Every structure is written in structure tokens, then in C-alpha cells.
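# I need the structure of the sequence given here:
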Amino acid sequence: MNNKTKAIITDLDRTLLRTDKSISERTKRALEECRKKGILIMAATARPPRDILQFEKMLEPVAVTAANGAVVLLPDKTLTFAIPKESGERIIEKALKYPDVFLSIEMSDGIYSNRDIPEWKPVVYDGFPLLPNETELIKILISSSKRPLYEGIEDILTEDVYYSLAKGDLIQIMKKGATKWNGVKAMLNHFDISQSDAVYFGDDNDDIEPIKNCGIGVAVKNAISPVLACADVITESNDNDGVAKYIEENIL
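Residues are numbered from 1 along each chain as shown. Just a heads-up that it's a prediction; the model follows:
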């Protein structure tokens, strides 16, 4: 066992989870062996908190960074970094002026969209750009089959937000400071663990900062090129149990 490793932090989709969203038995065993050795398991994901419940029993994370860092679930409290209502409505109004815009917003009470998304099961809402209620606006998701949206994305943002691109075409807009890396730091600080004693696994743009800053940053083979370029180690793909393989060979 690598005695320096005190925490394992992993992204979920396309990293720990297989493409069919399952967690392999090999991965479950590797994580369980880590827990037995006192290594803390944490998750950092773009998924909202409500969408992580299905994996909690299998992963048993001690803390979770959700919604790309907009929500951090700690054992005794939840940290939320919401987009101000005025900023959110201004961004949505500008976004809807672009052709063929697919818009979804993650509120603290659920997801709302201008079209149905069977996989997400949102509330289809026709009142945009106004927000549907007074709960917190966690994240804005927009995409389009047309290029103008992507070429003009900087023009629709307010000063208190930033954006990242996921899966090549999904624009995610969050409040400044709501990043995976800030969430990871909050989790490590809560348990008084140095970032140098943590191993991070990821595959996409939002994983670059924690991969660079944790003690060891591991990219799965199916990660995007910038992630592969900055990782300390490249392991097997998510469908070939890359996270489990690294843990077995380097931590256990």
C-alpha cells in the first residue's frame, strides 16, 4: 500500500462509471479495500446532488462535490454556490436569442428545460427567461446544433459566472468559484488532508485543475486530449476498469 494516499477522489461519468452507467464488481471491491485501509473515498461530478443518490450505497463517499462544484456535500453541512437570480435571467434571455437553443437549468428543487429530455426527466417549462421559482439556481446548461451560440458564448455571460464545455458541445454555466477544484479543496480541508496526499481520477475539462493539483492526477484512457496531456498517469478506460486497475497496482 502507498502509505501516503489518504483520499481517493473520482469523477463519475466516463471515469468511474462504465458507459452504461454501471459500476463494475472489480471497482466496488477496490474501493472497499481502500475503505478497510482507512483511505477516504470522495466523488467530484457534474451531476446534481439528487442524481448521485443511486450511487451512494455502492460508493459510500464521505463527501461529494456535485454540479461541478456548485454544491459540496460534507458530513455535517452543505455548501452551495448559486448563480444570482438577476444574472441567471439575463443569461437565459440572451441565450434564447440564438437559433435552436437547448436550455436546461438546475435549480435546488430539480431540473427545468425548454424541451423534454427523457434521460433527465425535467419539468418542461415555457416561462423562460424568468426562473420558475425562488429556489437557488445551481447551473445553466445550453447547447445548439448551430455554431453561433458557441462563437458568442462570452457575450451572454455576466461578470459573476464562468462556463466550461462538456462532451464537446454542452455549455455549463456556474457561479465563479463554483469549480470542481474548489469543491475538492473544501472536502480535503474538512478532513484535514493535504492535497498532496490525494489521488484524483477524471476525464473532462472540469477535471484538469484537480488532476494538476492533487498529489497524483490520473486520467482514464478515454479522457479528452487536454486531460491526457496534464495527467501524471494514464490508466485503462472507464469500460476497462481503469480506476480499479490503478488502485490495485499503486495503492493497495
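
# can we go C-alpha only for contacts and neighbour counts from here?
Will do.

# Show me what the helix or strand containing residue 187 is packed against.
Element membership for residue 187, per DSSP states H and E: helix 180-190. When contacts are defined as 3 or more C-alpha pairs under 8 Å, 6 or more residues apart in numbering; DSSP states H and E, helix 180-190 packs onto strand 40-44, strand 63-66, strand 71-73, helix 208-213.

# Show me which residues of that helix are buried.
By 16 or more other C-alpha atoms under 10 Å, the buried positions in helix 180-190 come out as 180-188.

# nearest to residue 36, of these?
Using C-alpha to C-alpha, residue 188 comes nearest to residue 36 of these, at 19.1 Å.

# Would you agree the closest one is in contact with residue 197?
No - taking C-alpha atoms under 8 Å as the definition, residue 188 is not a contact partner of residue 197, at 9.4 Å.

# okay, now the residue nearest to residue 239 when sequence neighbours are not counted: neighbour count?
Take residue 239 and drop its neighbours on the chain: the residue closest to it by C-alpha to C-alpha, 6 or more residues apart in numbering is residue 18, 4.8 Å away. Counted with other C-alpha atoms under 10 Å, the burial measure for residue 18 works out to 18 neighbours.

# ok, residue 18 to residue 123 distance?
Noted for residue 18: a distance of 27 Å to residue 123, by C-alpha to C-alpha, to the nearest Å.

# next one: residue 248
Using C-alpha to C-alpha, one obtains 42 Å as the distance from residue 248 to residue 123.

# One more: residue 215?
As it turns out, when the distance is counted by C-alpha to C-alpha, residue 215 lies 41 Å from residue 123.

# And residue 115, by the same measure?
If you measure residue 115 against residue 123 using C-alpha to C-alpha, the figure is 9 Å.

# got it, and residue 14?
Looking at residue 14 against residue 123, where the rule is C-alpha to C-alpha, the gap reads 26 Å.

# Just give me the closest of the buried residues of helix 180-190 to residue 7.
Proximity of the buried residues of helix 180-190 to residue 7 (C-alpha to C-alpha) peaks at residue 188, which lies at 8.1 Å.

# would you put the C-alpha positions of stretch 216-229 in CSV?
As requested, C-alpha coordinates have been extracted for stretch 216-229 and formatted as CSV (Å, rounded to 0.1, in the frame of the first residue of the first chain):
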residue,chain,number,x,y,z
ILE,A,216,-1.4,12.3,-8.2
GLY,A,217,-3.7,13.0,-11.1
VAL,A,218,-4.9,10.0,-13.1
ALA,A,219,-6.7,10.2,-16.5
VAL,A,220,-8.7,7.3,-17.9
LYS,A,221,-7.6,6.4,-21.4
ASN,A,222,-10.9,7.7,-22.9
ALA,A,223,-10.3,11.2,-21.5
ILE,A,224,-10.1,14.2,-23.8
SER,A,225,-6.7,15.2,-25.1
PRO,A,226,-6.0,18.1,-22.6
VAL,A,227,-6.7,15.8,-19.7
LEU,A,228,-4.4,13.1,-21.0
ALA,A,229,-1.7,15.8,-21.6
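
# in it, what counts as buried?
Result for stretch 216-229 [16+ other C-alpha under 10 Å]: buried residues 216-224, 227-228.

# and what of stretch 9-28?
Under the neighbour-count criterion of 16+ other C-alpha under 10 Å, stretch 9-28 has 9-18, 23-24, 27 buried.
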